[in-house]
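Participant: Pasted the sequence and its predicted model underneath.
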Amino acid sequence: MGVSPFPPIADYAFLSDCEVTALVAPSGNLEWMCLPRMDSPSVFGAILDRGAGGFRLGPAELMVPAARRYLPGTLVLETSWGADGGWIIVRDVLLIGPWHHERELSHTYRRAPTDYDAEHVLLRTVRCVNGEVQLVLDCEPVFNYGRQRARWRYTDHAYHQGLATADGVDLQLKLTTDMRLGFEGSRASARTLIREGETRFCALSWSEHEPPFTSEEAYRRLVWTAHHWQHWLARGTFPDHRWRSYLQRSALTLKGLTYSNTGAVIAAATTSLPETLRGTRNWDYRYSWIRDSSLTLWGLYSLGFEWEANDYFYFIADVAERDDELQILYGIDGEAELEERVLDHLSGYEGARPVRIGNGAYTQRQHDVWGAVIESVYLHAESRDHLPERLWPILQRQVEHALAHWREPDCGMWEVRGEPQHFTSSKLLCWVAADRGARLARLRDASAIAERWQAAADEIHADICAQGTDARGVFVQHYGGTALDASVLLMPLLRFLPADDPRIRATVLAIADELSVDGLVRRYRVEDTDDGFTEEEGTFTICSFWLVSALSEIGEHRRARELCEKLLSYASPLELYAEEIDPKSGRHLGNFPQAFTHLALINAVMHVIQTEQAVQAAARAAPTQLVF
């Protein structure tokens with residue numbers, strides 16, 4: 001009948017302590033978690049194969065909760081269950097606590113320490129609010145992407161703590177609980193009747209830091225974590241608007257996708273969730289893409305999160321300073337080699353194979369990377385009206401690379417695996433590199449360099465205008481072609497031409513009318529693009545949000561607002577987004593949650609809100625007289 005054992009991608013909840021992430025299904029089963037880092041092998045991998053490990057806590061005979069939400073302003077998940085005999089509330093959280101390293105240095109932290117640190121504990125608490133409910137715990141980790149089953153044994157805490165290990169795996173899991181544990185092969189389980197007013201907890205830990213040993217301690221540490229998230233969010237600047245919650249949830253999601261030790265922002269928490277159901281467009285997104293950097297910084301700066309923006313910027317500066325040739329993506333600790341491999345033993349989400357780890361795109365040549373870095377430097381310098389001396393050699397090298405290679409074909413923003421082309425968006429970002437580089441050179445009083453780079457920017461600009469359009473004056477995917485591509489929606493956002501230029505307006509409207517399905521935008525038409533695949537894909541949500549911003553830029557404010565409302569209606573029940581949306585079903589596809597989508601959401605929503613506020617301010621005419 002087509003019933004799937006896999007929950008819809010949009011139904012997963014996202015947890016993070018900024019060192020690891022986790023996804024929890026509505027059933028209360030934790031189905032994705034990699035340890036000890038975001039990009040490590042999975043310990044719970046049921047999202048990619050139902051036999052690859054899970055960790056459920058919930059009512060014995062019920063799999064569908066009454067309600068789920070995040071505690072306001074946090075990444076603490078609350079699930080309410082109405083069983084036949086009563087009601088319980090389960091809260092799931094990756095604990096954060098005070099900074100640990102007071103007497104010794106952290107071996108992994110490269111940014112300036114903060115007041116808080118990951119506790120390396122997944123905490124799950126239960127409270128019975130009415131009647132009584134039979135509660136079950138089933139914890140079955142499978143190490144190394146579902147290859148090695150756990151072996152359990154008791155510790156000196158008797159039935160209240162179990163230790164899970166596997167041969168050849170340098171990772172131990174401790175499961176601590178006030179329930180009584182038993183072991184059935186590779187599974188640790190517990191069952192208890194919880195009555196009104198009673199609480200239970202369980203904590204999975206993987207480092208030397210102690211888990212809670214009582215319900216009271218568990219509650220205290222959960223509250224500390226919740227307050228941490230609320231205090232962090234309070235640092236941001238959010239407009240008083242009906243869409244405020246989407247901006248706040250996007251900010252929390254971006255923070256949760258940030259590896260705090262280095263400042264790297266990963267593209268998504270998962271690998272190999274399919275862009276096409278049962279398809280082969282399945283990629284590992286647990287890495288940091290340099291091309292996302294400028295939008296990431298814009299989003300963080302615009303919402304007031306300068307510390308996070310600076311940490312991410314200096315992650316980029318680290319790799320740009322180290323490497324003569326900048327890659328398009330890096331590991332979360334700056335790793336350069338991300339060998340792509342296939343895990344044949346995993347069935348994939350709803351049978352979508354292959355399941356991949358690593359990402360071979362790190363070897364591709366993409367000419368947008370230099371512009372992304374220079375735009376990031378420009379945003380960083382603009383935020384403080386100063387260019388730090390350390391950045392000048394990085395800046396010079398990246399601009400010169402752009403000028404040396406902009407005339408060559410590349411693989412484009414979408415990392416196509418077909419023949420390289422002269423992609424318009426790649427030329428656009430090379431222009432950004434030269435144009436912003438010239439501005440920064442003037443800021444540094446390097447007038448001769450500024451003149452040379454500005455002349456190069458003007459040459460690239462003229463070349464794009466001459467060769468990047470079709471007969472209608474619409475900017476197209478690549479030189480010599482007629483195919484549309486959503487990446488050129490960045491032109492008005494990057495100020496390539498004025499928003500009222502007829503070519504910009506024609507391009508935005510052509511994409512809105514010809515590359516969209518029910519208002520949702522495709523990256524390109526797969527039949528018109530040699531991307532190495534033949535199967536269809538869903539609409540890319542980032543491109544749809546780009547269209548909102550572009551429509552707003554060209555003055556189509558009503559159309560921008562209506563499309564934004566539509567896109568926000570597609571949010572998951574917890575206001576999260578995957579990479580794509582199937583235009584027929586509204587189903588989310590691709591890796592989840594997707595940082596780039598939430599960044600584009602911030603940009604689009606802020607465009608619409610700022611336009612609304614400007615219109616409202618203009619409409620408030622001063623009264624001609626005061627009436628008492």
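Facilitator: That came through, no problem.
Participant: Quick check, Asp17 in contact with Gly97.
Facilitator: No - Asp17 is beyond contact range of Gly97, at 9.4 Å (criterion: C-beta atoms under 8 Å). (Glycine included, C-beta is placed from N, CA and C.)
Participant: neighbour count winner among the two?
Facilitator: Between Asp17 and Gly97, Asp17 has the larger neighbour count (other C-beta atoms under 10 Å), namely 24 against 17.
Participant: Distance check, Ala560 against Thr597.
Facilitator: Using C-beta to C-beta, to the nearest Å, Ala560 is found at 17 Å from Thr597.
Participant: so where do the helices sit in this structure?
Facilitator: For the chain, the helices defined by DSSP state H cover 143-146, 215-234, 244-256, 293-302, 306-322, 368-382, 391-405, 424-443, 447-467, 490-493, 502-514, 541-553, 557-569, 595-619.
Participant: For Leu343, find the nearest of those helices.
Facilitator: Comparing the helices of the chain against Leu343 with C-beta to C-beta, the closest turns out to be helix 143-146 (5.5 Å).
Participant: and that closest one, what other elements does it pack with?
Facilitator: Contacts defined by 3 or more C-beta pairs under 8 Å, 6 or more residues apart in numbering; DSSP states H and E place helix 143-146 against strand 42-44.
Participant: for Leu181, what are its contacts?
Facilitator: Contact analysis of Leu181 by C-beta atoms under 8 Å, 6 or more residues apart in numbering lists 137, 154, 159-162, 175, 188-190.
Participant: possible to save those residues as CSV with distance to Glu308 and neighbour count?
Facilitator: Output for the contacts of Leu181, formatted as CSV (distance: C-beta to C-beta, whole Å; neighbours: other C-beta atoms under 10 Å):
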residue, distance to Glu308, neighbour count
Leu137, 35, 22
Tyr154, 42, 14
Tyr159, 43, 12
His160, 38, 17
Gln161, 36, 19
Gly162, 37, 24
Leu175, 33, 25
Ala188, 37, 26
Ser189, 40, 17
Ala190, 39, 22
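Participant: Sort out for me which of those are in strands.
Facilitator: Residues of the contacts of Leu181 located in strands (DSSP state E): 137, 154, 159-162, 175, 188-190.
Participant: Quick check: the farthest pair among those?
Facilitator: Top of the distance list for these (C-beta to C-beta): Leu137 and Tyr154, 15.4 Å.
Participant: pull the helix or strand with minimum mean pLDDT from this protein.
Facilitator: Taking mean pLDDT, DSSP states H and E as the measure, the chain has helix 293-302 as its least confident helix or strand, at a mean of 85.
Participant: Run the chain-centre distance for that one.
Facilitator: Centroid separation for helix 293-302 versus its chain: 13 Å, with C-alpha atoms, centre = their mean, to the nearest Å.
Participant: And it, what does it pack against?
Facilitator: Going by 3+ C-beta pairs under 8 Å, 6+ apart, helix 293-302 lies up against helix 244-256, helix 306-322, helix 368-382, helix 595-619.
Participant: Can you list the buried residues in the shortest one?
Facilitator: Neighbour-count burial for helix 244-256, counted by 16 or more other C-beta atoms under 10 Å, picks out 246-256.
Participant: between these, which is closest to Ile328?
Facilitator: Leu254 (19.9 Å).
Participant: For that closest one, which residues are in contact?
Facilitator: Contacts of Leu254 by C-beta under 8 Å, 6+ apart are 265, 296, 299-300, 308, 595, 598-599.
Participant: Dump the ones in strands among the contacts of Leu181 to JSON lines, plus distance to Ala457 and pLDDT.
Facilitator: What follows is the ones in strands among the contacts of Leu181, written out as JSON lines (distance: C-beta to C-beta, whole Å; pLDDT from 0 to 100):
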{"residue": "Leu137", "distance to Ala457": "61", "pLDDT": "98"}
{"residue": "Tyr154", "distance to Ala457": "68", "pLDDT": "97"}
{"residue": "Tyr159", "distance to Ala457": "70", "pLDDT": "96"}
{"residue": "His160", "distance to Ala457": "66", "pLDDT": "97"}
{"residue": "Gln161", "distance to Ala457": "63", "pLDDT": "97"}
{"residue": "Gly162", "distance to Ala457": "62", "pLDDT": "98"}
{"residue": "Leu175", "distance to Ala457": "59", "pLDDT": "98"}
{"residue": "Ala188", "distance to Ala457": "61", "pLDDT": "98"}
{"residue": "Ser189", "distance to Ala457": "64", "pLDDT": "98"}
{"residue": "Ala190", "distance to Ala457": "65", "pLDDT": "98"}
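Participant: and the closest residue to Trp243 other than its chain neighbours, how many neighbours?
Facilitator: The spatially closest residue to Trp243, leaving aside those adjacent along the chain, is Val605, at 5.2 Å (C-beta to C-beta, 6 or more residues apart in numbering). Other residues near Val605 come to 23 when the count uses other C-beta under 10 Å.
Participant: same thing with Ala455?
Facilitator: 11.
Participant: on that earlier part again, looking at the helices and strands packed on helix 293-302, which is closest to Leu329?
Facilitator: helix 368-382 (9.1 Å).
Participant: Can you list the buried residues in that closest one?
Facilitator: 368-381.
Participant: Check stretch 585-597 too.
Facilitator: 587-597.
Participant: May I see those organised as TSV, with pLDDT added?
Facilitator: TSV is the format used below for the buried residues of stretch 585-597 (pLDDT from 0 to 100):
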residue	pLDDT
Arg587	94
His588	96
Leu589	96
Gly590	95
Asn591	97
Phe592	98
Pro593	98
Gln594	96
Ala595	95
Phe596	92
Thr597	96
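Participant: Same list, the residues you listed, but as a markdown table with distance to Ala506 please.
Facilitator: Listed next are the buried residues of stretch 585-597 as a markdown table, based on distance: C-beta to C-beta, whole Å:
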| residue | distance to Ala506 |
| --- | --- |
| Arg587 | 32 |
| His588 | 32 |
| Leu589 | 30 |
| Gly590 | 30 |
| Asn591 | 33 |
| Phe592 | 35 |
| Pro593 | 34 |
| Gln594 | 30 |
| Ala595 | 31 |
| Phe596 | 26 |
| Thr597 | 26 |
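Participant: Closest to Val488 out of the residues you listed?
Facilitator: When those are compared against Val488 (criterion: C-beta to C-beta), the nearest one is Phe596, at 16.8 Å.
Participant: Wait, the closest one touches Ala267, no?
Facilitator: Yes - assessed by C-beta under 8 Å, Phe596 is found in contact with Ala267 at 6.3 Å.
Participant: So for the two, which residues contact both of them?
Facilitator: Shared contacts of Phe596 and Ala267 (C-beta under 8 Å, 6+ apart): 289, 292.
Participant: residues contacting the closest residue in space to Glu325 that isn't next to it in sequence?
Facilitator: The shortest distance from Glu325 to any non-neighbouring residue, by C-beta to C-beta, 6+ apart, is to His401 (7.6 Å). By C-beta under 8 Å, 6+ apart, His401 lies in contact with 325-326, 370.
Participant: of those, closest to Gly58?
Facilitator: Nearest to Gly58 among the contacts of His401, with distances taken as C-beta to C-beta, is Leu326, at 46.7 Å.
Participant: tell me the contacts of the closest one?
Facilitator: By C-beta under 8 Å, 6+ apart, the contact set of Leu326 is 290, 319-320, 369-370, 373, 398, 401.
Participant: which one among the residues you listed gets closest to Ala441?
Facilitator: Closest to Ala441, out of all of the contacts of Leu326 and judged by C-beta to C-beta, is Gln398, at 12.5 Å.
Participant: What count of nearby residues applies to the closest one?
Facilitator: Count around Gln398 with other C-beta under 10 Å applied: 22.
Participant: Which residues are in contact with it?
Facilitator: 320, 326, 370, 373-374, 433, 437.
Participant: Among these, which pair sits farthest apart?
Facilitator: Farthest-apart pair in the contacts of Gln398 is Leu326 and Gly437; separation 14.3 Å (C-beta to C-beta).
Participant: Any figure for the gap between the nearest residue to Glu415 once chain neighbours are set aside and Asp530?
Facilitator: Closest residue to Glu415 apart from its sequence neighbours, by C-beta to C-beta, 6+ apart: Ala361 at 4.6 Å. Counting by C-beta to C-beta, the gap from Ala361 to Asp530 is 16 Å.
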